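In: Sequence and predicted structure below; questions after.
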Number of protein chains: 2
Amino acid sequence: MPKEATGTLLSCRAGIRVVDATLRDGGLVNDFRFSDDFVRALFAADAAAGVDYMELGYKADKDMFDPASFGAWKFCREADIERVLGGNDTGMKLACMADVGRCNFRRDICEKGNSLIDMYRIATYINAIPAAVEMIEYCAAKGYETTVNVMAISKEKEKEIDQALDMLGKSPAKAIYIVDSYGALYPEEMRVLAAKYLEAGDKYGKEIGIHAHNNQDLAFANTIECVAAGVNYLDATVNGMGRGAGNCALELLLGFLKNPKYKLLSILKFLEAGHMQALRDAGAVWGYGLPYLLTGVFNRHPSSAIRYIKEKREDIVCFMNELLDQE
Amino acid sequence: MPKEATGTLLSCRAGIRVVDATLRDGGLVNDFRFSDDFVRALFAADAAAGVDYMELGYKADKDMFDPASFGAWKFCREADIERVLGGNDTGMKLACMADVGRCNFRRDICEKGNSLIDMYRIATYINAIPAAVEMIEYCAAKGYETTVNVMAISKEKEKEIDQALDMLGKSPAKAIYIVDSYGALYPEEMRVLAAKYLEAGDKYGKEIGIHAHNNQDLAFANTIECVAAGVNYLDATVNGMGRGAGNCALELLLGFLKNPKYKLLSILKFLEAGHMQALRDAGAVWGYGLPYLLTGVFNRHPSSAIRYIKEKREDIVCFMNELLDQE
């Protein structure tokens, strides 16, 4: 595939794809309890904003997760998508995430011809790449676009990342994602990683994506750093809604992108209508804060910080000591 | 001056200087009404954190600003500094900002020997460089260190910035600051500007500084982008307190810097003690938000966004239209 020039701040790059992951990463905050109205409003807003893919949620295995404990978007059943969206006559595609080891894909993922979903995003840790490849191949054979998200790479050794890229390069995945699960990476590290991923992308004809977390208030910065490097698949969520410190905010990203197909106005309207505030009022909590800064600096899973926030603790010095104790 | 290598993420650079501008830029939020206890606690926290300079506020002209309408730190009278701090037996230096055209420096800035202030930071717009040079020379002759902050450069033409750098290069200022007053610059633009300023710095033997604003949630990212480029003077404020969307958060910056002289713990303790929350409880409002995103994207002074927040407006689409009307 001939590479498009990365462009300047005044130009735009046709290869950019914006993925709104609000329902999926944001669903981790509220157990996927989005009202049908919310989902419809977001779908309309995303389509009008020029978003390329809207991720609806996870394809989780109901044998592992009790459907009574979660909203519909944990499972993304075709019947629910059909019921809420009716269909999809927009130019925007629909995506769904499937976690390695938490998705009964042979049972739950049907032929593309019977589905409103266009793309499956396979999420994997680096030690489960063969299982991820199996899922990618399965989904591709069923007729779906696929991407693969290798999580928590800030913990991984360079040699292992290289090996993972080689294995995934040979898979049918369309794009391979850099995923900073711990919000631990700085922009200058992102540049190095992006160069590595893009080199593999060039070799194997894959696009590269970025999924950033905001633990050190760098999700947007890291995302546009990747854009400058040539990364084309960009995850974002409205108001940055996502686990813990959240993600790159879609409104910031659309304010940055220069392609006139992207309309920040549509997301501003969605925000002005109060949809996100309603989620916060209902108890959903996310966004940058001190405990996330610390788990980010120490390159840790944010779970302890999420617990700190949930327990309304205010002893941040003690929390730092707890993190140091675990070194 | 031989240039120090810019270092890596594992190394540190002895030339780095952290400037805590909480009282000064934060003072713009609460009219400089900081309690004596707050100032003492911040002074102790900064000194213990290894902060290199604590900026106390402005040296404003009382003929232009009514002292009854502001707290003491708008004016930084020697008597107030003496009364509150007693003295300064820490290794940390004290700084004060003087605005071109708003400071009666010949009357109000005394000999260094009679002052607890170590450094004057001269703030200027690009069209007032000769007046800035006059103040820099005056302060240097009185025995102070000086820096110069050229504000709002995102609006300026490259040729004019070049000319300003030449004029300031010949002044006695120790450091020349990149100031993104509108929070309009992206990291990739910061890199270009930093290279330009550093080139002038090499030529004239000046350090370069960065003062970032958070309108697009990029203050920290832009600051560390500059660090990577070789910029050594770094402004930050606790919790990012500063006009409008605020500044680079000191806690984020100290989490990033690798020199063991910097102690994030000290700032965490200051935060845990509730000093910043008390300011918010007393009505001080700052930090990233949608209206700042828009003034940042449109490269505007944040005043309209500050007014929007103050008036508790929620019609962000209308606000965007107002900004477009002013193009």
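Out: Good, I have the coordinates.

In: So A:Leu254: helix, strand or coil?
Out: Classification of A:Leu254 using DSSP: H, G, I helix; E, B strand; the rest coil returns helix.

In: And it, how far from chain B?
Out: 10 Å (CB to the nearest CB, to the nearest Å). C-betas here are computed from N, CA, C, even on glycine.

In: Could you do A:Val192 as well?
Out: From A:Val192 to chain B the distance is 10 Å (CB to the nearest CB).

In: Same question for A:Glu207.
Out: On the measure of CB to the nearest CB, A:Glu207 and chain B end up 21 Å apart.

In: phi, psi of the residue lying closest to that residue once chain neighbours are set aside?
Out: Nearest non-adjacent residue to A:Glu207, counting by CB to CB, 6 or more residues apart in numbering or on different chains: A:Ala175, 3.9 Å away. Main-chain torsions, A:Ala175, degrees, to the nearest 10: phi -140, psi 140.

In: which residues sit in contact with A:Ala175?
Out: A:17, A:147-148, A:206-209, A:232-233 (CB atoms under 8 Å, 6 or more residues apart in numbering or on different chains).

In: next one: A:Thr22
Out: If you count contacts by CB under 8 Å, 6+ apart, then A:Thr22 has A:42, A:55, A:237-238, A:241, A:250 around it.

In: Among those residues, which ones lie close to chain B?
Out: Near chain B, judged by CB under 8 Å from any CB of the partner chain, there are no entries from the contacts of A:Thr22.

In: Close to chain B: what parts of chain A are there?
Out: So chain A meets chain B at A:9, A:186-189, A:216-218, A:220-222, A:224-225, A:228, A:249, A:251-252, A:255-256, A:264-265, A:268-269, A:271-272, A:290, A:293-294, A:296-297, A:314-317, A:320 (CB under 8 Å from any CB).

In: how much does whichever strand or helix holds A:Val192 deviate in direction from helix B:187-204?
Out: For A:Val192, the element it lies in under DSSP states H and E is helix A:187-204. Using axes from the mean of the first three to the mean of the last three CA atoms, to 10 degrees, the inter-axis angle of helix A:187-204 relative to helix B:187-204 is 120 degrees.

In: In space, what's closest to the residue of chain A found nearest chain B - neighbours in sequence excluded?
Out: Closest residue of chain A to chain B, CB to the nearest CB: A:Ala221 (3.1 Å). Using CB to CB, 6+ apart and skipping the chain neighbours, the partner closest in space to A:Ala221 is B:Ala221 (3.1 Å).

In: Help me confirm that A:Ile122 is found in a strand?
Out: Yes - counting by three-state DSSP, A:Ile122 is located in a strand.

In: quick one: contacts for it?
Out: Counting by CB under 8 Å, 6+ apart, A:Ile122 has contacts A:97-98, A:100, A:132, A:135-136, A:139, A:146-149, A:173.

In: Report the buried members of those.
Out: Buried members of those, scored by 16 or more other CB atoms under 10 Å in any protein chain shown, are A:97-98, A:100, A:132, A:135-136, A:139, A:146-149, A:173.

In: helices or strands next to the helix or strand hosting A:Lys269 in the packing?
Out: In the assignment (DSSP H and E), A:Lys269 maps to helix A:264-272. The contact analysis (3 or more CB pairs under 8 Å, 6 or more residues apart in numbering or on different chains; DSSP states H and E) places helix A:264-272 against helix A:36-49, helix A:250-256, helix B:290-297, helix B:316-325.

In: For B:Val51, which of the ones you listed is the nearest?
Out: Closest to B:Val51 of the helices and strands packed on helix A:264-272 is helix B:290-297 (CB to CB; 25.9 Å).

In: Can you point out the buried residues in that closest one?
Out: B:290-297.

In: A:Val227 and A:Ala236 touch, don't they?
Out: No - look at A:Val227 against A:Ala236 with CB atoms under 8 Å: they stay out of range, at 11.4 Å.

In: These two - which one has more neighbours?
Out: A:Ala236 (28 against 22; other CB atoms under 10 Å in any protein chain shown).

In: can I assume the more buried one is in contact with A:Ala249?
Out: Yes - contact criterion CB under 8 Å: A:Ala236 and A:Ala249 qualify, at 6.4 Å.

In: Could you dump the buried ones among the contacts of A:Ile122 into CSV with secondary structure added?
Out: Output for the buried ones among the contacts of A:Ile122, formatted as CSV (three-state DSSP):
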residue, secondary structure
A:Met97, strand
A:Ala98, strand
A:Val100, coil
A:Ala132, helix
A:Met135, helix
A:Ile136, helix
A:Cys139, helix
A:Thr146, strand
A:Thr147, strand
A:Val148, strand
A:Asn149, strand
A:Ala173, coil
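
In: ok, of the residues you listed, which one's closest to A:Tyr125?
Out: Closest to A:Tyr125, out of all of the buried ones among the contacts of A:Ile122 and judged by CB to CB, is A:Val100, at 7.4 Å.

In: Give me the buried positions along stretch A:275-283.
Out: A:275-276, A:279-280.

In: sorry, back to before: quickly find the element holding the residue of chain A closest to chain B.
Out: Per DSSP H and E: helix A:219-229 holds A:Ala221.

In: now whichever helix or strand comes after that helix: mean pLDDT?
Out: Note on helix A:219-229: by DSSP H and E, the next helix or strand toward the C-terminus is strand A:233-236. Across strand A:233-236, pLDDT averages out at 98.

In: What strands line up against strand A:233-236, and which way round?
Out: Taking DSSP bridges as the criterion, strand A:233-236 forms sheet pairs with strand A:17-20 (parallel), strand A:207-211 (parallel).
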